[in-house]
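J.: please work out how this folds:
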Amino acid sequence: MRELRPLSVPEIETATREAGGWLVHEPTAQALAAYLSEAETRQRQLGEVPLRDRLQALHSLGGHWAKRLASGGLAALKDDLTASTGYSRALMDVEFGLVARVLDSEELMNNLEHGLLGGAGSLDGFKLIREGEYVRNMAAGPVLIVSSGNSLIPPLIPTAIALAAGNIVILKPSLQNYEGLVEVFKPLSSMGDEAAQSMARCLMVAYMGHDSGALEYLLREAPLGAVNFWGGEPARSHIGSKVSQNPWHPRYIVNGPLTGFAVVEAGARGDAAGGLALNMVLYDQQLCSSPTMAAYVGSPDEAQAFMVELAEALDRVGSGYPL
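T.: As a prediction, this is how the structure comes out:
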């Protein structure tokens, strides 16, 4: 039976759960409190590493994954996640191929550039946004990410962005994707550069059950800056009610359920139709970001022509990903 421990957690008293032939060791509230007592120092050290170096460390992490994938070193993990998530092997092939793309430095830079007032450069210093007005974005962490369990990608995206932005992160996966996320981030601790080492000290991947005292501590008491929840009801409201009692007043950011909305530009045809069809088919349209509505910007005739192509693409793409 394989044994997995949470990342960045010393030998501490833990509870143990068994799932899918491997053991998950849960941190205690006391261990989390000790870890967060060092959060300010660790986060400051990570913030002193230039953004380009943080992005390069994550890019290299994606390279480690890509090499293991190409060599067949992730075959057993792929089998495990196919069994635990219930998705087809073809879909797992796609998912594993997306991991390195999520960690790509250009992809992460685009997210930060378009998501921050002042752009990505505002994480390194003050940026002029209009005459006489400057802005600098500081890490909001510690950040708790409560992820859904139907994919590696939803928890991977906010974790990578939060680390790139200089935050200390506690990632709570589900039992279904815990093993995969540990495998994605494990190389950080053995990479020699300062950025990777700083990130390893600022990341904890730890499963906590719904009845866990550790999770209760994090939501109600811990000195968090933000809680990022992925999923639907009733968990969304249940967790939100606990976060609202936290005296540190962390921001509560919810993603899902099924919130994807596609905008198709006038004149878009084959590639756009194929891309929308793929996103509709992936994960049986059960991701928080799965597109459930789309708007076509153009004439009714153009929209009709696009829908014909979309229907053809759905037939073609859908046949490759059995339920």
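
J.: ranges for the strands of the stretch 51-200 of the chain?
T.: Taking DSSP state E, counting those that start in this stretch, the strands of the stretch 51-200 of the chain run over residues 127-130, 133-135, 143-146, 169-172.

J.: so how far is the third one from its chain's centroid?
T.: This points to strand 143-146. Strand 143-146 has its average C-alpha position 10 Å from the chain's average C-alpha position, going by C-alpha atoms, centre = their mean, to the nearest Å.

J.: now swap in the first one and tell me
T.: Here the centre of mass of C-alpha atoms in strand 127-130, compared against the chain's by C-alpha atoms, centre = their mean, lies 30 Å away.

J.: let me see the mean pLDDT of that strand.
T.: Average pLDDT, strand 127-130: 91.

J.: so that it lines up with my notes, have the first residue be 782 from now on.
T.: Yes, from this point I'll number from 782; that puts the last item at strand 908-911.

J.: one step back: mean neighbour count added to the strands of the stretch 832-981 of the chain, as JSON lines?
T.: All C-beta atoms are positioned from the backbone trio N, CA, C, and that covers glycine. Shown next, in JSON lines, are these (neighbours: other C-beta atoms under 10 Å):
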{"stretch": "strand 908-911", "mean neighbour count": "12"}
{"stretch": "strand 914-916", "mean neighbour count": "12"}
{"stretch": "strand 924-927", "mean neighbour count": "25"}
{"stretch": "strand 950-953", "mean neighbour count": "26"}
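
J.: for H1019, find the nearest of those strands.
T.: strand 924-927 (10.7 Å; C-beta to C-beta).

J.: so which elements touch that closest one?
T.: helix 934-945, strand 950-953, strand 1007-1011 (3 or more C-beta pairs under 8 Å, 6 or more residues apart in numbering; DSSP states H and E).

J.: hey, C-alpha coordinates of that strand in CSV?
T.: The C-alpha trace of strand 924-927 is given here as CSV (Å, rounded to 0.1, in the frame of the first residue of the first chain):
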residue,chain,number,x,y,z
VAL,A,924,-4.6,31.4,0.7
LEU,A,925,-6.7,28.3,1.3
ILE,A,926,-7.9,26.5,-1.9
VAL,A,927,-10.7,24.0,-1.4
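
J.: for it, which outside residues touch it?
T.: Residues from elsewhere that reach strand 924-927 (C-beta atoms under 8 Å, 6 or more residues apart in numbering): 936, 939-940, 943, 948-953, 999-1000, 1003, 1005-1012, 1016, 1020, 1031.

J.: ok, stretch 852-864 next?
T.: 801-803, 846, 848-849, 868-870, 873-874, 876-877, 933, 957-958, 960-961, 964.

J.: which ones among these are found in helices?
T.: In helices, judged by DSSP state H, the following of the contacts of stretch 852-864 are found: 846, 848-849, 870, 873-874, 876-877, 960-961, 964.

J.: ok, which pair from the residues you listed is furthest apart?
T.: K848 and R870 (21.0 Å).

J.: what about the helices in the protein?
T.: 810-817, 820-828, 832-852, 856-866, 870-883, 886-896, 934-945, 959-966, 975-982, 994-1001, 1016-1024, 1051-1062, 1081-1099.

J.: redo the ones you listed as TSV? Include mean pLDDT and mean neighbour count.
T.: Shown next, in TSV, are these (pLDDT from 0 to 100; neighbours: other C-beta atoms under 10 Å):
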stretch	mean pLDDT	mean neighbour count
helix 810-817	91	18
helix 820-828	94	18
helix 832-852	97	18
helix 856-866	87	17
helix 870-883	91	18
helix 886-896	94	15
helix 934-945	93	24
helix 959-966	90	23
helix 975-982	93	21
helix 994-1001	95	20
helix 1016-1024	93	15
helix 1051-1062	90	18
helix 1081-1099	93	15
